[in-house]
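Participant: next comes the sequence, and after it the predicted model I'd like to discuss.
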Amino acid sequence: MFNKVLIANRGEIAVRIIRACRELGMQTVAVFSEADRQALHVRYADEAYLLGPPPSRESYLLGEKIIDIALKSEAGGIHPGYGFLAERADFAQACLDAGLAFIGPKPSAIAAMGDKAVARSTVRRAGVPVVPGTEGEGSLGDEELLSLAPEIGFPLLIKATAGGGGKGMREVNSLEEMPALLHSARREAEASFGDGNVYLEKLLEGARHIEIQVLADAHGNVIHLGERECSLQRRHQKLLEETPSPFVGDDEELRQSMGALAVRAAQAVGYVNAGTIEFLVDKDKNYYFLEMNTRLQVEHPVTEMVTGVDIVKEQIRIARGRQMRYTQDDIFMNGWAIECRINAEDPYNNFLPSTGRITHSLLPTGPGVRVDTGVYPGFEISPYYDSLISKLIVWGETRAEAILRMRRSLEEYKIAGVRTNIPFHQNLMDSHRFMGGQYDTRFVEKRFSMEAAEEGKTDQSGIAAIIATLVAHQQTQRAAHIIQRGERDTSNWKWLSRWERLQR
Ligand code: MV4
């Protein structure tokens, strides 16, 4: 039984995992790149070891080196977090071969779900609905795909079997345009994953992306922790997640039937540890399995806030061979939670990544507020990793309370030195469609613009520019981003009455 965990990750998720280990009384080992010498996860861990230069290939992706460090530091388990090595079946197997616990699923489950065509046919055989499309697991040639396409019908999607997250995906509207699209999809999949295999699915338009969190222990117990609504995203990057889903709402029957099928999908691959089943849900509440993520997810905190389950601690207990502390009957969803992903990127400039040193920051706190972050004033945001710098999560008794609390927290949140997408989230909180929960996966890209959201609001850009110049002059070479407040904000009184009208 291990009492020391190596965290094979960085940023907010490494910090999150260290916290869980602390609470369980376990020792922690951090690994870091040259860009992360000063990072929070390095400071918080009991020990820390340098991996190499900043690029991931020379640091956080060095599986063998990480396993060596685990053995030398006498860690008994490795938590991969998300991204990097988290969904690499070969890495999970290498951990086991070295006598280390991999805090995640078995390599066979990662592999089965990692091939999206295998995943589709496996869960379908177990009775889980999938979007109509090609069946079977072998690689399909262009001839075969072109002859199957008319049966599936247009529009359809070409998807990469090694894919996920939209890479190598192509929308096809007619048989004529299909050969060229097959070619480019295969080329992109080959370049991204070293695997040019593709499969077909009917395109579901205007659907929502709703996922179910599952937990499974090594004793055959599998439960679900309800859903998360993840439709608010831009270019396949999620920006905000909430639970319950406003679309599922108080339809407990829908929630439990999706939950039961998510459990069945997990069981179909002998799943152990935490995982997430993604569904597409159409306007008539038909739902279809999309894929399974065999890792801890970025948005896990919203589920923690409403169920009270510490998912990371449960992952570690499961990896240590313990029984889960919960049965399905112990799981209740209490209240509402929303997470805004705070990214170092400029929402006024096409969400361009922003790098530089964080000179100042003030974190929101108070009732119902949680901030998971890996940065602090003085830390330099480098271009080597993703732009997520923190997650702002709020809980409220109702969705209205959660939204008001998020508005309050976004106002409290001050970051100087890099630009962030906080103004985007502020505008989103004011949008009628968001308030009404009436959004699908196209909302941000097709129906939302910062300019339109800010039209008619008092323009204080002149004052903001002067302050930004002063701040830039005093503390940093970069302009601070001034978030306008006061007049341009709808007052909470007005907001609440608008909300109440919407609910009628
Ligand atoms: C789909 C779909 C519509 N119909 N499949 C995008 C990423 C990958 N996980 C699957 N994706 C989609 N698959 C069928 N048959 C629409 C999407 C999709 C999407 C899904 C979830 C969240 C955001 C999305 C944005 C665009 C497209």
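Facilitator: Structure's in. What do you need?
Participant: check the secondary structure at whichever residue of the stretch 301-450 of the chain sits closest to the ligand for me.
Facilitator: Residue of the stretch 301-450 of the chain nearest the ligand, by Cβ to the nearest ligand atom: T441 (3.7 Å). C-betas here are computed from N, CA, C, even on glycine. Assigned with DSSP: H, G, I helix; E, B strand; the rest coil, T441 falls in the coil class.
Participant: same check, this time on the one 5 residues further on
Facilitator: For K446, the secondary structure call by three-state DSSP comes out as helix.
Participant: pLDDT at it, what is it?
Facilitator: Per-residue pLDDT puts K446 at 91.
Participant: what does the one 3 residues further on give?
Facilitator: Reading off the per-residue confidence, S449 sits at a pLDDT of 91.
Participant: kindly report the same for G165.
Facilitator: The model's pLDDT for G165 equals 77.
Participant: which parts of this protein sit against the ligand?
Facilitator: Residues of the chain lying close to the ligand (Cβ under 6 Å from any ligand atom) are 131, 157, 164-166, 201-204, 207, 209, 233, 236, 280, 290-291, 441.
Participant: now do the residue nearest to the residue of the stretch 301-450 of the chain closest to the ligand when sequence neighbours are not counted against R498, distance only.
Facilitator: Of all residues not flanking T441 in the chain, S231 sits nearest, at 4.9 Å (Cβ to Cβ, 6 or more residues apart in numbering). Distance from S231 to R498, counting by Cβ to Cβ, to the nearest Å: 22 Å.
Participant: between these two, who's got more neighbours?
Facilitator: Neighbours were counted for S231 and for R498 using other Cβ atoms under 10 Å; S231 has more, 24 against 14.
Participant: which stretch of helix or strand covers the more buried one?
Facilitator: strand 222-234 (DSSP states H and E).
Participant: the helix or strand that comes right after that strand to strand 222-234, inter-axis angle?
Facilitator: For strand 222-234, the succeeding helix or strand toward the C-terminus, using DSSP H and E, is strand 237-243. For strand 237-243 against strand 222-234, the angle by axes from the mean of the first three to the mean of the last three Cα atoms, to 10 degrees is 130 degrees.
Participant: strand partners (parallel or antiparallel) of strand 237-243?
Facilitator: Paired neighbours of strand 237-243 in the sheet (DSSP bridges): strand 222-234 (antiparallel), strand 336-343 (antiparallel).
Participant: next one: the shortest one to chain centre, how far?
Facilitator: So that's strand 336-343. When C-alpha coordinates are averaged (Cα atoms, centre = their mean, to the nearest Å), strand 336-343 and its chain have centres 10 Å apart.
Participant: any idea which helix or strand comes after it?
Facilitator: In N-to-C order, the element after strand 336-343 by DSSP H and E is strand 345-346.
Participant: what's in contact with that following strand?
Facilitator: The contact list for strand 345-346 (Cβ atoms under 8 Å, 6 or more residues apart in numbering) reads 351-354, 387, 419-421.
Participant: that one pairs with which strands, parallel or anti?
Facilitator: Using DSSP bridges, the strands paired with strand 345-346 are strand 352-353 (antiparallel).
Participant: who does the next helix or strand after the strand it pairs with pair up with?
Facilitator: On the C-terminal side of strand 352-353, the nearest following helix or strand under DSSP H and E is strand 356-357. Take DSSP bridges as the rule and strand 356-357 pairs in its sheet with strand 380-381 (antiparallel).
Participant: now the partner strand: mean pLDDT?
Facilitator: In this model, strand 380-381 has an average pLDDT of 97.
Participant: pLDDT of whatever helix or strand comes next after that strand, averaged?
Facilitator: Downstream of strand 380-381, the first helix or strand assigned by DSSP H and E is strand 388-396. Regarding strand 388-396, the rounded mean pLDDT is 98.
Participant: same question for stretch 109-116.
Facilitator: 97.
Participant: got a list of contacts for that stretch?
Facilitator: 87-89, 92, 104, 118-119, 122, 137, 159-164, 199, 269-272, 275, 291-294.
Participant: please apply the same query to stretch 249-263.
Facilitator: With Cβ under 8 Å, 6+ apart, stretch 249-263 has contacts from 127-129, 210, 212, 214, 222-224, 226-227, 244, 248, 277, 279, 285, 287, 289, 437.
Participant: residues contacting I13?
Facilitator: With contact set as Cβ under 8 Å, 6+ apart, I13 has these partners: 81-82, 296, 298, 372, 374.
Participant: excluding its backbone neighbours, what's nearest H41?
Facilitator: Here the residue nearest H41, using Cβ to Cβ, 6+ apart, is A14, at 3.5 Å.
Participant: element containing the one you found?
Facilitator: Using DSSP H and E, the element containing A14 is helix 11-23.
Participant: show me the shaky parts of this protein.
Facilitator: For the chain, the stretches flagged by pLDDT under 70 are 458-490, 493, 503-504.
Participant: which other helices and strands contact the helix or strand where L71 lies?
Facilitator: In the assignment (DSSP H and E), L71 maps to helix 63-72. Judged by 3 or more Cβ pairs under 8 Å, 6 or more residues apart in numbering; DSSP states H and E, the packing partners of helix 63-72 are strand 4-7, strand 27-33, strand 47-52, strand 77-79, helix 89-97.
Participant: still on that earlier bit, just flag the most distant two among the contacts of strand 345-346.
Facilitator: L352 and T420 (12.0 Å; Cβ to Cβ).
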